[in-house]
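Asker: Predicted structure and sequence below. I'll ask about it afterward.
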Amino acid sequence: MPIDPSAFRRRLLAWYDTHGRELPWRAAPGAAPTDPYRVWLSEVMLQQTTVPHATPYFQAFIARWPTVVDLANAADGDLMAAWAGLGYYARARNLLACARAVARDHDGVFPDTEAGLLALPGVGDYTAAAVAAIAFGRAANVVDGNVERVMARLHAVQTPLPAARPELKRLAAAYVTDDRPGDWPQALMDLGATVCRPKSPLCPSCPIRIDCAAYAEGDPGRYPLKTPKAHRPHRQGIAWVIRNASGQVGLVRRPDKGLLGGMVGLPTSDWSEAAPADDPPLPGPWTEAGAIEHVFTHFSLTLTVRTAQGEGDYIWMAPDEALKALPTVFSKALTRGLGA
């Protein structure tokens with residue numbers, strides 16, 4: 001049966017009014033839009049990151065940099081250290097570039113249209129639509145992974161991801177109107193996050209199950225269909241943990257371009273599929289401390305950890321301070337080295 005968009009929206013928004021999540025960057029259902037800075041910051045953090053993981057970072061950022069102008073004035077190193085642990089570090093560099101563009105070119109005020117937002121550094125289609133809808137009340141088609149899943153099940157879409165994305169975006173657009181434009185995408189996202197979950201969807205609790213083709217088929221969990229993942233290559237390398245006479249850890253600043261660009265890290269060899277060159281940054285002697293495993297988006301990594309005492313032109317930090325500043329892969333390696 002074809003879906004009545006108006007009835008569909010009424011059911012889902014009524015559910016959202018009662019069951020919508022309370023989040024620190026969100027206005028209550030039906031309330032006036034919240035600060036665009038908070039919406040933008042949360043949306044950037046939530047890309048590839050869960051709400052429970054992102055929430056303490058968001059709160060720390062807001063406490064430290066309460067406005068976009070404050071963030072624009074942050075030192076690069078401070079921002080990158082505060083971002084450590086959120087992953088996908090190009091987002092942190094884009095975050096700072098965008099904040100500085102808003103402060104410099106827009107007097108600290110975010111543009112209020114999708115087109116204006118898209119002109120900002122590092123802002124893509126999804127973020128522009130989300131900020132336009134949630135912060136400015138624009139009727140925008142906001143499609144994240146949760147919305148894709150809801151649409152794929154609602155319409156039993158037979159095309160697998162990622163090829164299905166244009167079709168899913170087109171289907172989602174059919175339900176966008178000028179009525180409650182900020183609440184609508186948040187209702188869809190909350191439904192996907194809490195009810196229409198990737199695994200074990202809670203169909204008896206779903207307010208739109210009567211519209212759902214996948215529910216009618218009896219197996220909503222099979223949607224969205226997915227193309228089999230390509231093989232993930234494995235790389236290996238060496239991480240060197242250097243301690244000085246005061247017990248501080250020697251860190252380096254990674255190049256701005258490339259993986260973990262601009263972050264502080266441990267000195268390492270190259271990461272490659274072949275055995276790494278054993279070329280330590282100091283003469284040693286070096287002590288083996290075992291190895292750690294880490295998985296990036298496009299490859300997995302084994303880092304052998306070696307430790308030594310020494311001095312040199314490094315960024316010296318106390319171990320507890322270093323663990324907070326380092327991205328996860330280096331935090332793992334340092335923890336292993338400190339325990340050796």
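Answerer: Looks like it arrived, so ask away.
Asker: Was I right to think residue 314 contacts residue 252?
Answerer: Yes. Using CB atoms under 8 Å, residue 314 makes contact with residue 252 at a distance of 6.4 Å. For the C-beta atoms, the positions are set from N, CA and C on the backbone; glycine is no exception.
Asker: mind listing the helices for the stretch 1-150 of the chain?
Answerer: Under the criterion DSSP state H, counting those that start in this stretch, helices of the stretch 1-150 of the chain are mapped to 5-19, 36-46, 51-64, 68-72, 76-83, 90-105, 114-118, 125-136, 145-154.
Asker: Reformat these as a markdown table; add mean neighbour count, mean pLDDT and distance to residue 30.
Answerer: What follows is the helices of the stretch 1-150 of the chain, written out as a markdown table (neighbours: other CB atoms under 10 Å; pLDDT from 0 to 100; distance: least, CB to CB, whole Å):
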| stretch | mean neighbour count | mean pLDDT | distance to residue 30 |
| --- | --- | --- | --- |
| helix 5-19 | 15 | 96 | 7 |
| helix 36-46 | 23 | 96 | 17 |
| helix 51-64 | 15 | 96 | 21 |
| helix 68-72 | 20 | 98 | 26 |
| helix 76-83 | 18 | 90 | 33 |
| helix 90-105 | 19 | 94 | 28 |
| helix 114-118 | 18 | 97 | 23 |
| helix 125-136 | 24 | 96 | 13 |
| helix 145-154 | 24 | 97 | 20 |
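Asker: so which of the ones you listed gets nearest residue 323?
Answerer: Proximity to residue 323, assessed across the helices of the stretch 1-150 of the chain by CB to CB, is greatest for helix 76-83 (11.3 Å).
Asker: Now do that closest one against helix 51-64, angle only.
Answerer: Computed by axes from the mean of the first three to the mean of the last three CA atoms, to 10 degrees, the angle separating helix 76-83 from helix 51-64 equals 140 degrees.
Asker: so what does helix 76-83 touch, helix or strand wise?
Answerer: helix 51-64, helix 90-105, strand 264-265 (3 or more CB pairs under 8 Å, 6 or more residues apart in numbering; DSSP states H and E).
Asker: Which residue is the nearest non-sequential neighbour of residue 244?
Answerer: residue 311 (5.6 Å; CB to CB, 6 or more residues apart in numbering).
Asker: Show the backbone phi and psi for the one you found.
Answerer: phi -130, psi 170 (degrees, to the nearest 10).
Asker: Next, format the helices and strands packed on helix 76-83 as CSV and append distance to residue 302.
Answerer: Converted to CSV, these look like this (distance: least, CB to CB, whole Å):
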stretch, distance to residue 302
helix 51-64, 24
helix 90-105, 24
strand 264-265, 16
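Asker: Which one of those lies nearest to residue 198?
Answerer: helix 51-64 (14.3 Å).
Asker: Alpha carbons only: can I get the closest one in PDB?
Answerer: Provided in PDB are the C-alpha atoms of helix 51-64 (Å, rounded to 0.1, in the frame of the first residue of the first chain):
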ATOM      1  CA  VAL A  51      26.100   9.800  21.000                       C
ATOM      2  CA  PRO A  52      27.400   8.400  24.300                       C
ATOM      3  CA  HIS A  53      31.000   8.700  23.100                       C
ATOM      4  CA  ALA A  54      30.500  12.200  21.600                       C
ATOM      5  CA  THR A  55      28.600  13.700  24.500                       C
ATOM      6  CA  PRO A  56      31.400  14.300  27.000                       C
ATOM      7  CA  TYR A  57      33.500  15.800  24.200                       C
ATOM      8  CA  PHE A  58      30.700  18.200  23.300                       C
ATOM      9  CA  GLN A  59      30.300  19.300  26.900                       C
ATOM     10  CA  ALA A  60      34.000  19.800  27.300                       C
ATOM     11  CA  PHE A  61      34.200  21.900  24.100                       C
ATOM     12  CA  ILE A  62      31.300  24.000  25.000                       C
ATOM     13  CA  ALA A  63      32.700  24.700  28.500                       C
ATOM     14  CA  ARG A  64      36.100  25.600  27.000                       C
END
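Asker: what inclination does that helix have with respect to helix 36-46?
Answerer: Using the same axes, to 10 degrees: helix 51-64 against helix 36-46 is 140 degrees.
Asker: so how far is helix 51-64 from its chain's centroid?
Answerer: 12 Å (CA atoms, centre = their mean, to the nearest Å).
Asker: ok, back up a step: I'd like to know which of the helices of the stretch 1-150 of the chain is closest to residue 271.
Answerer: helix 90-105 (17.3 Å).
Asker: That closest one: how far from the chain's middle?
Answerer: 16 Å.
Asker: Helix 51-64 and that one, what's the angle between them?
Answerer: 40 degrees.
Asker: helices or strands up against helix 90-105?
Answerer: helix 36-46, helix 68-72, helix 76-83.
Asker: want to try JSON lines for these, with distance to residue 52 as columns?
Answerer: Shown next, in JSON lines, are those (distance: least, CB to CB, whole Å):
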{"stretch": "helix 36-46", "distance to residue 52": "11"}
{"stretch": "helix 68-72", "distance to residue 52": "23"}
{"stretch": "helix 76-83", "distance to residue 52": "17"}
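Asker: Tell me which of these lies nearest to residue 156.
Answerer: Closest approach to residue 156 among the helices and strands packed on helix 90-105 is made by helix 36-46 (27.5 Å; CB to CB).
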